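Student: got a predicted model here, sequence first, then my questions.
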Amino acid sequence: MKFLKLVKLFQITKLILSNFADMMLLKRTTPLIPLPKGSLRDLKRRGNVFAASVGRFFLSPSFEGDASRFLGHKGCKNGRFFVLALLLLFVKPAFAQWQSVGDVHSYRIEEPNSVIVQAGKSTLRISLLAPDIVRIRLAPDGAFAPDQSVAIIKRDWQVLKPNVTETPTEIRIASREIAVVVRKSPLRLSFLDREGNVLNKDDAERGMSWDGQAVRVWKNMPLDENYYGFGEKAGSFNRKFKHMSMWNSDIPAYKADTDPLYQSIPFFYGVRKGKAYGIFFDNSYWSSFDMGKEDPERYSFGATGGELNYYFFYGPSPKKILTRYTELVGRMQLPPRWSLGYQQCRWSYYPESRVRKLASDFRSKNIPCDVIYLDIDYMEGYRIFTFSEKNFPQPKQMIADLAKDGFKMAVIVDPGIKADSSYHAFQSGMKRDVFLKYPDGKLFIGKVWPGDCAFPDFSNPVARTWWGANFDVLVDAGVRGFWNDMNEPSVFDVPTKTVDLKVLHNDNGLMTTHAKNHNTYGMQMTQATYEGVRKLQPTERPFVLTRASYAGGQRYSAAWTGDNVASWEHLELALPMLLNLSISGQPFVGSDIGGFIGSPDGELFARWLQLGVFSPLMRSHTVINSADQEPWSYGAKFEAINRKTIELRYQLLPYIYSTMYQASVTGIPAMRPLEVRLLDA
């Protein structure tokens, strides 16, 4: 039997590699050969959830189209290796076996609000944080890791002593709103409302499990339950029967089934029969969520490392859940009013004369606009915290002149620091010892726009302070918007498209690898940017925009949906993506109006602009060498339509500003999907 299984595994592996060889050597354009029916399900049933999830994307019909687009995107020449690299990085051997938590043999109450359950060598901590919030932590070996998370800001909750009762078969831990029932043999959890209705329960067969460093929990999935949230995911709004991964990735020209993308927000809602619950899986390692894709009777989530550590929220309304979730991870700061106006961007507006002409055209054509962006060509050799002497010889004067006409200037700031001993940012960074290194002390160097670059360790408070202080160059020049890009972090010319997973991060003194810190890198970069700019401009509210982030990132920045495409398909994708981001705690969101890659026609741009009116972030953006993509670029007819559209935005601006204020106070976003009734009390 084992021999036959190994033969089958060999056949599957051979087919994967042959597809890869075809794609690389023959530059194949026909669809990839499918795996034998049931192969991916077989991988999952035998414990290899991660192989199944990565394999599904690797073998999907959309992969080759996605990979081919990598080649033409901002110098990324190794897109075709990306998914295979993920497969090699995260897939465990197919013969690996999940070990499920066993029988309960004891428990104790731990003040002020926890119950500790022992099951063999494993320890389960159940903490009742509030009448409607429960935290679950499992330590398979009995030892919990340091309790540290970049997502969580509220740790002190009102003391709530749980009501604990025991029978021969179960332990019941109750508050006035919910109860957690611990079945003893084997240990399985159920969450009940106060009427005793089951809201959520562990799968009877698997429940909470581990395999080496990997952790996972399987849950029962009712047929009539639906799932929403998960942050930035392309495709349908309802995520039932989807498989999703959390690994911040630079994926240009994505499609409806492309996954993962730029941001990781492992939070979702389950909605059934008018009642909702929420789950936040606070684990920053590569993680995945299988919402009935492999088995329609159960869903699961887990990660390649770290703890099985999740928060359970009870509604029954999604609005209450989101309010509680953002109380836990933090809410958006009220943005400056001008950042809610129309914003114009492209890769790139330069030299200075072109920027001045752009601003003049907006005013002469009576089209409102508040923000103009400068992409990477404003810098000297793509070195951040510099201005090009050729393209922008007098940036302070230019920005001051534009400010008189009512414009704010925003500029792109990437994390890569040119490894150049004559460059002030590299010099000071080396002196302060703020860059990422290997365990042996060797500096990590990765290629991005400037060439060889060092990368700041944003998990180190010293590095964040150093980073923030460097913004004085931009702030003194009059820059008021700060656009953090390439912060997945993205690295050129390596198969994984990111930092080596063996590289160490300070991680607030824990000294952990990039495997743990990858998904939080972009968020901590925005934290450093926000805090630095706030210190330099204490009387102004910073505007920071990011491509990559993690749960709680809304505390520091707005977000956009990355490098989309000028197509009707991507206009359709924009709305569910923005809605799911909004209900995942990030209310300040938008998509590149008109599409980033390619050039829209007049009607597509006009329709996208109309959607932009009702998106919190209203920014047009396009790639280098594309056609002009300003509101007047499509002839007099569309110029008139676009002018009225943007004027409508400004007519609605007082109301939009009010809803954004509400979001900063309650967590309830401006964009609210009717499907999950976020307007319910």
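Tutor: Thanks, I have it. Residues are numbered from 1 along each chain as shown.
Student: what's the single longest strand in the protein?
Tutor: strand 122-130 (DSSP state E).
Student: next SSE downstream of it?
Tutor: Remark: after strand 122-130, the chain's next helix or strand is strand 133-139, criterion DSSP states H and E.
Student: export that next one as CSV, just CAs?
Tutor: What follows is strand 133-139 as a C-alpha-only set of coordinates in CSV (Å, rounded to 0.1, in the frame of the first residue of the first chain):
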residue,chain,number,x,y,z
ILE,A,133,-15.0,37.6,22.6
VAL,A,134,-13.1,34.4,23.3
ARG,A,135,-9.4,33.8,22.6
ILE,A,136,-8.1,30.3,21.8
ARG,A,137,-4.4,29.3,22.0
LEU,A,138,-3.0,25.8,21.6
ALA,A,139,0.5,24.8,22.5
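Student: could you give the separation of the longest strand of the chain from the chain centroid?
Tutor: Remark: strand 122-130 is offset 27 Å from the chain centroid, using C-alpha atoms, centre = their mean, to the nearest Å.
Student: mind listing the strands it pairs with, and their directions?
Tutor: If you go by DSSP bridges, strand 122-130 pairs up with strand 114-119 (antiparallel), strand 133-139 (antiparallel).
Student: tell me where the model's unsure across the stretch 51-200 of the chain.
Tutor: 51-96 (pLDDT under 70).
Student: just the strands in it please.
Tutor: 99-100, 106-110, 114-119, 122-130, 133-139, 163-166, 170-174, 178-183, 188-193, 198-201 (DSSP state E, counting those that start in this stretch).
Student: check the stretch 251-400 of the chain too.
Tutor: Ranges of strands within the stretch 251-400 of the chain are 267-272, 275-281, 287-290, 298-303, 308-314, 342-344, 371-374, based on DSSP E, counting those that start in this stretch.
Student: quick one, what contacts the residue nearest to the spatial centre of the chain?
Tutor: Note on the chain: the residue nearest the mean C-alpha position is Q263, at 1.6 Å, using C-alpha atoms, centre = their mean. Taking C-beta atoms under 8 Å, 6 or more residues apart in numbering, we find Q263 in contact with 231-232, 248, 522, 547-550, 553, 559, 581, 586. In short, each C-beta sits where N, CA and C put it, glycine included.
Student: what comes up buried for the lengthiest helix in the chain?
Tutor: For the chain, the longest helix by residue count, based on DSSP state H, is helix 636-666. Buried residues in helix 636-666, counted by 16 or more other C-beta atoms under 10 Å: 638-639, 641-643, 645-646, 649, 653, 656, 659-660, 663-664.
Student: which of the contacts of Q263 tops the neighbour count?
Tutor: Most neighbours among these, by other C-beta atoms under 10 Å: S549, with 34 neighbours.
Student: I figured it was touching S557, is that so?
Tutor: Yes: using C-beta atoms under 8 Å, S549 is in contact with S557, at 6.8 Å.
Student: now do the shared contacts for these two.
Tutor: Common contacts of S549 and S557, defined by C-beta under 8 Å, 6+ apart, comprise T526.
Student: packing partners of the helix or strand hosting M244?
Tutor: Using DSSP H and E, M244 sits in strand 243-246. The elements that strand 243-246 packs onto, with contact taken as 3 or more C-beta pairs under 8 Å, 6 or more residues apart in numbering; DSSP states H and E, are helix 49-58, strand 287-290.
Student: got the contact list for the shortest one?
Tutor: The contact list for strand 287-290, computed with C-beta under 8 Å, 6+ apart, reads 44, 49-50, 53, 230, 239, 242-247, 264, 266, 268, 281, 299-304.
Student: ok, back up a step: now the angle between strand 106-110 and the longest strand of the chain, please.
Tutor: Interaxial angle of strand 122-130 relative to strand 106-110 (axes from the mean of the first three to the mean of the last three C-alpha atoms, to 10 degrees): 40 degrees.
Student: report the angle between strand 122-130 and strand 308-314.
Tutor: 30 degrees.
Student: send me strand 122-130 as PDB with only the CA atoms.
Tutor: Provided in PDB are the C-alpha atoms of strand 122-130 (Å, rounded to 0.1, in the frame of the first residue of the first chain):
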ATOM      1  CA  SER A 122      -0.800  19.700  24.800                       C
ATOM      2  CA  THR A 123      -2.100  22.800  26.600                       C
ATOM      3  CA  LEU A 124      -5.100  24.800  25.500                       C
ATOM      4  CA  ARG A 125      -5.800  28.200  26.900                       C
ATOM      5  CA  ILE A 126      -9.400  29.600  26.600                       C
ATOM      6  CA  SER A 127      -9.600  33.200  27.600                       C
ATOM      7  CA  LEU A 128     -12.900  35.100  27.900                       C
ATOM      8  CA  LEU A 129     -11.900  38.600  27.000                       C
ATOM      9  CA  ALA A 130     -15.400  40.000  26.900                       C
END
